[in-house]
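Novice: Here is my input, please return the structure:
(2 chains)
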2 protein chains.
Amino acid sequence: MKSLSTTTLANGKQTEILIADNLKDLSAHLGSYGRSVLWVFDANTATLFKQLPPVNVVLESGESSKNFSSLERILSNAVDEGLARDCRIIGFGGGVVCDMAAFAASVFMRGCKLTLVPTTLLCMVDASVGGKTAIDFKGLKNMVGSFYPAEEVLISMDTLRTLPEKEYLNGLAEVIKHALLSQDEQLYKFLLVKKNEILSRDIETLQTLVTLSLAVKQWYIEQDPTETKGIRQVLNLGHTFGHALESSGHFTFGHGACVAWGTCRALEAGVNMGITDKAYAIGATKLFKSYGYDIDYRIGRGDWIEFRERLSKDKKKEKGQVLFVLMESQGKAVLRPIDMALVQHLVIAKPIF
Amino acid sequence: MKSLSTTTLANGKQTEILIADNLKDLSAHLGSYGRSVLWVFDANTATLFKQLPPVNVVLESGESSKNFSSLERILSNAVDEGLARDCRIIGFGGGVVCDMAAFAASVFMRGCKLTLVPTTLLCMVDASVGGKTAIDFKGLKNMVGSFYPAEEVLISMDTLRTLPEKEYLNGLAEVIKHALLSQDEQLYKFLLVKKNEILSRDIETLQTLVTLSLAVKQWYIEQDPTETKGIRQVLNLGHTFGHALESSGHFTFGHGACVAWGTCRALEAGVNMGITDKAYAIGATKLFKSYGYDIDYRIGRGDWIEFRERLSKDKKKEKGQVLFVLMESQGKAVLRPIDMALVQHLVIAKPIF
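Specialist: Residues are numbered from 1 along each chain as shown, chains lettered A, B, ... in the order given. Below you'll find the model as predicted:
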């Protein structure tokens, strides 16, 4: 187990990110916490253990578990086990598990200790770091939640080796998004040059990929921990389009696939509005395509009303207008409203490039 | 409307406390917020308005509304009305309404704006200030919640004129508790000298009473906003005994009456353990009695098991042991475990003084 980095977040709270040699190394670390611990798994990650720890909640796999009922299940277990405010909740799994464990930890007795063990690439580079917790509500993604950074995030690359291809690509989309938002081109170039090693999930390559990607996320969240300064919001690049697709498709599309698609829609919008450098947009779209994302996907005309409805529920609003993250060029993003006629054109029409 | 004071809390967030001349003055202030506002009332406070604001949730009166179902009702209304992160939730009522409104505001889109209008003495001097939000869970008080200070707390003394006597005494218990915890004797002496004016609710006297009481609470919470330093916890004086009585009686006892009773049990315990000055304990107990609290109440022998069970769920635990707030003398409190045999003796036996 080695310490990768420490991020300082809201209220001076710190998240330490630790890299484990393997799952055994990681389990030994967690075992040292003794008995005042509640574990949260989903049906998939529970199978990684021959015998589950005594106090545990196993959620159904998938986005549909991100709800009040799962939250109450975790809290109910914690109360039944007589856990106190100094207890620890450990989320062991992907984004759903980590979001649920973190939300529960943030409200159990107004906040207990929290360890996250992200087992998917998406969760490693995104959900587990930055303190955002949430559940879906009334069919809308992440409508209810809190800011509650984990004390520690433990990463074991070997969990990525067995990840289904679709899940792996979900995470890679966020990595590519981070590459666009980075203040330097290191990650972007790494993605261009190391495509084969990345797609074959070479362990050493993965470690560099996760490290570079996390550094970008950390750069943004340290400057704006609770998303009140308009800086951190740019990490939502691709998410306004993406979430609307994800929730209007009732969560059957993967999150990362939606973000890849949404980022390319935002690039197109920016070019249309004279904000985004066209050559940059074409290059970035090509990068997404080279990793196999269905960037050309368009919604059916009949789905537009629902798509627009979902879009209007986005959290990034100012004076009633939804704000989109648009790129000017590498590492430079701005928040702008987009005319609904243009949005409709972009999500229904054939792609421009 | 005049500004009374500003408290700086967790994360640099500030709560401004404003005193209104009357309800009309207060309504004019709130009316200026326009339309992106959701009001939370209970059945009692809703009657203070001839016509309710358009977007509102009216909870049933009483502690039984402090649950997940009320939380979901408020959030559901907010979503249905298309409210965004820059909207404001206004809690207009006593502790239950303010706790519910504040908890909902803390998790709606991970936090929206919050105004609290406490209409009971208990809520004015306690629940509305300090950022603690909570719901009861599995029969246990305030088990689930968050720290989320209101941006502003608006107080109109005239709401106290119509408060039922029992409700008023609920609040006075917290005021007397604050008098004990104060670093000076101003509030304690005010309570001794102005008893008649306080009990007859003279408006000018009330204003001084609330101001002095709030100053004590603010002194503690500013030093320890998220209750991590062991300083703020002493505001829980009387609450460990009190909550156990309140929840084992299934919330039929008033909160303040339980706190008065619990504070006197803590004073007795402290004398027993050689921590509390006996003359001080006798004086403070006499003060509570002079305001009509049933300090001599004892639980039946048959209720001990449930009482102990409730006590063991208290949030102030360290290494599995419940910590009680005990007084050394005026303004000096310490956290200590108490032997269960002594606790049993104190809550069942006849009082010592």
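Novice: Next, the contact list for A:Glu227, please.
Specialist: Counting by Cβ atoms under 8 Å, 6 or more residues apart in numbering or on different chains, A:Glu227 touches A:Phe147, A:Gln233, B:Arg110. In this view, the C-beta of every residue, glycine as well, is placed from N, C-alpha and C.
Novice: A:Leu75 in helix, strand or coil?
Specialist: helix (DSSP: H, G, I helix; E, B strand; the rest coil).
Novice: right, and it touches A:Ser106 too?
Specialist: No. Using Cβ atoms under 8 Å, A:Leu75 is not in contact with A:Ser106, being 11.0 Å away.
Novice: quick revisit: got a PyMOL select line for the buried ones in the contacts of A:Glu227?
Specialist: To isolate the buried members of those in PyMOL, using 16 or more other Cβ atoms under 10 Å in any protein chain shown:
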select buried, (chain A and resi 147+233) or (chain B and resi 110)
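Novice: Confirm that A:Ser146 lies within a strand, as I assumed.
Specialist: Yes. Using three-state DSSP, the assignment for A:Ser146 is a strand.
Novice: residues contacting it?
Specialist: So A:Ser146 contacts A:Phe103, A:Ser106, A:Val107, A:Thr133, A:Ala134, B:Ser106, B:Val107, B:Arg110, B:Gly111, B:Ser146 (Cβ under 8 Å, 6+ apart).
Novice: burial measure for the closest residue in space to A:Gly254 that isn't next to it in sequence, as a count.
Specialist: Of all residues not flanking A:Gly254 in the chain, A:Asn170 sits nearest, at 4.4 Å (Cβ to Cβ, 6 or more residues apart in numbering or on different chains). Neighbour count for A:Asn170, taken as other Cβ atoms under 10 Å in any protein chain shown: 26.
Novice: And A:Asp25, how far from A:Ala284?
Specialist: 37 Å (Cβ to Cβ, to the nearest Å).
Novice: More neighbours: those two, which one.
Specialist: The neighbour count for A:Asp25 versus A:Ala284, taken as other Cβ under 10 Å, is higher for A:Ala284 (22 against 16).
Novice: and the more buried one, what element?
Specialist: Secondary structure from DSSP states H and E places A:Ala284 in helix A:278-290.
Novice: Helix or strand next in line after that helix, which one?
Specialist: By DSSP H and E, the next helix or strand past helix A:278-290 is helix A:304-311.
Novice: Check whether that next one comes near chain B.
Specialist: No. Helix A:304-311 does not reach chain B (Cβ under 8 Å from any Cβ of the partner chain); its nearest approach is 10.1 Å.
Novice: how about that helix: buried residues?
Specialist: A:Phe307, A:Arg310, A:Leu311.
Novice: helix/strand/coil for the residue nearest to the second one when sequence neighbours are not counted?
Specialist: The shortest distance from A:Arg310 to any non-neighbouring residue, by Cβ to Cβ, 6+ apart, is to A:Ala244 (4.2 Å). Per three-state DSSP, the local secondary structure of A:Ala244 is helix.
Novice: how deep is A:Ala244 tucked in, by neighbour count?
Specialist: 27.
Novice: now A:Lys189
Specialist: Count around A:Lys189 with other Cβ under 10 Å applied: 12.
Novice: go on, A:His345?
Specialist: A:His345: 14 neighbours (other Cβ under 10 Å).
Novice: packing partners for whichever strand or helix holds it?
Specialist: Here A:His345 sits within helix A:340-348, counting by DSSP H and E. Using 3 or more Cβ pairs under 8 Å, 6 or more residues apart in numbering or on different chains; DSSP states H and E, the elements in contact with helix A:340-348 are helix A:239-248, helix A:255-272, helix A:304-311.
Novice: Tell me the gap between the longest one and the middle of its chain.
Specialist: For helix A:255-272, the distance from its own C-alpha centre to the chain's C-alpha centre is 16 Å (Cα atoms, centre = their mean, to the nearest Å).
Novice: try the shortest one
Specialist: Centre-to-centre, helix A:304-311 and its host chain are 22 Å apart (Cα atoms, centre = their mean).
Novice: Where do the domain boundaries of chain A fall?
Specialist: A:2-161, A:178-348 (automatic domain parsing).
Novice: Can you measure across the longest one, start residue to end residue?
Specialist: Length of domain A:178-348, first residue to last, Cα to Cα, to the nearest Å: 26 Å.
Novice: and that domain, what's its mean pLDDT?
Specialist: With pLDDT averaged residue by residue, domain A:178-348 scores 92.
Novice: Likewise for the shortest one?
Specialist: Per-residue pLDDT values across domain A:2-161 average out to 92.
Novice: thinking again about what came up before, as JSON lines, the domains of chain A with distance to B:Leu48 would be great.
Specialist: Output for those, formatted as JSON lines (distance: least, Cβ to Cβ, whole Å):
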{"stretch": "domain A:2-161", "distance to B:Leu48": "29"}
{"stretch": "domain A:178-348", "distance to B:Leu48": "30"}
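Novice: Tell me where chain A has strands.
Specialist: A:2-8, A:14-20, A:37-42, A:56-59, A:88-93, A:113-118, A:132-137, A:140-147, A:152-156, A:317-318, A:321-322, A:324-329, A:332-336 (DSSP state E).
Novice: Closest approach to chain B from the stretch 1-150 of chain A, which residue is it?
Specialist: Per Cβ to the nearest Cβ, A:Ala84 is where the stretch 1-150 of chain A lies closest to chain B, at 3.8 Å.
Novice: Just to check, that residue is in contact with A:Ser36?
Specialist: Yes. Counting by Cβ under 8 Å, A:Ala84 touches A:Ser36, with 7.1 Å between them.
Novice: Those two - which one has more neighbours?
Specialist: Taking other Cβ under 10 Å, A:Ala84 and A:Ser36 do not tie; A:Ala84 has more neighbours (21 against 18).
Novice: which residues sit in contact with the closest residue to that one other than its chain neighbours?
Specialist: Distances taken as Cβ to Cβ, 6+ apart place B:Lys317 nearest to A:Ala84, at 3.8 Å, with adjacent residues excluded. Applying Cβ under 8 Å, 6+ apart to B:Lys317 gives the contacts A:Ala84, A:Arg85, A:Asp86, B:Leu323.
Novice: Would you format the residues you listed as JSON lines with distance to A:Thr276 included?
Specialist: Converted to JSON lines, the contacts of B:Lys317 look like this (distance: Cβ to Cβ, whole Å):
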{"residue": "A:Ala84", "distance to A:Thr276": "52"}
{"residue": "A:Arg85", "distance to A:Thr276": "48"}
{"residue": "A:Asp86", "distance to A:Thr276": "49"}
{"residue": "B:Leu323", "distance to A:Thr276": "58"}
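Novice: Which positions in the stretch 51-200 of chain A make contact with chain B?
Specialist: Going by Cβ under 8 Å from any Cβ, the residues of the stretch 51-200 of chain A near chain B are A:68, A:72, A:75-76, A:79-80, A:82, A:84-86, A:106-111, A:132-134, A:137-138, A:140, A:143-147.
Novice: Just the buried ones from the residues you listed?
Specialist: So, by 16+ other Cβ under 10 Å, the buried ones in those are A:68, A:75, A:79, A:84-85, A:106-111, A:132-134, A:137, A:140, A:143-147.
Novice: about what we covered before: closest one to B:Phe41 among the domains of chain A?
Specialist: Closest approach to B:Phe41 among those (Cβ to Cβ): domain A:2-161, 21.5 Å.
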